[in-house]
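# would you be able to build a 3D model of this:
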Amino acid sequence: MSGLSPILLAEDDDNDALLLERAFVKAGWTVPIHRASDGEEVIEYLRLKSEPENSPIVPSMLLLDLRLPRKSGFEVLEWMQTQSHLDGLLVVVLTSWKVPADVRRAYDLGVNMFLVKSAKFDALVEHLQRLQSHWLFHQQTSSPETQRY
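Numbers count the residues shown, from 1 in each chain. Okay, the predicted model is just below:
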């Protein structure tokens, strides 16, 4: 999996981010992870990646917490809908709360998957292993027009 675009992890909690990074390693992921700690940082990162003078490589996946400071995950998703260069980006909500209205709204705003963070490390690793299969399938089936990996 090396040589592929990084994963953008949008997570404001340092402990959750560290746990996720360790779980990625345990699950066998070798893709670099870039972390954004608030919604504005996510938007800025994705905006900069779209400008020709910057790196043209958009992340291969966005793992998005919905409850972020400065701009919520929902605000990030709403902004993303106006950005055609992000049409092929795999977006996975990874949150601590599973509120049915949030799940519906997230899917309405274009997310590909909604996962609830597990408090147990082994369960989190299993989530990431299943996610890896989905991510690899997405990598292989992306059309040439949207593939930026």
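
# quick check: residue 8 vs residue 36, distance?
Distance of residue 8 to residue 36, computed by Cβ to Cβ, to the nearest Å: 6 Å. From N, CA and C alone the C-beta is placed, and that goes for glycine too.

# quick check, central residue of the chain?
With distances taken as Cα atoms, centre = their mean, residue 62 lies nearest the centre of the chain, 1.7 Å away.

# quick one: contacts for it?
Shown in contact with residue 62 (Cβ atoms under 8 Å, 6 or more residues apart in numbering): 7-8, 10, 42, 46, 89-92.

# could you look up the SS state of it?
Going by DSSP: H, G, I helix; E, B strand; the rest coil, the secondary structure assigned to residue 62 is strand.

# picking up where we left off before, quick one: common contacting residues for residue 8 and residue 36?
Both residue 8 and residue 36 are contacted by 42, 45, under the criterion Cβ under 8 Å, 6+ apart.

# residues near residue 46, how many?
21 (other Cβ atoms under 10 Å).

# who are the packing partners of the helix or strand hosting it?
Using DSSP states H and E, residue 46 sits in helix 39-50. The contact analysis (3 or more Cβ pairs under 8 Å, 6 or more residues apart in numbering; DSSP states H and E) places helix 39-50 against strand 7-10, strand 33-36, strand 61-64, helix 73-80.
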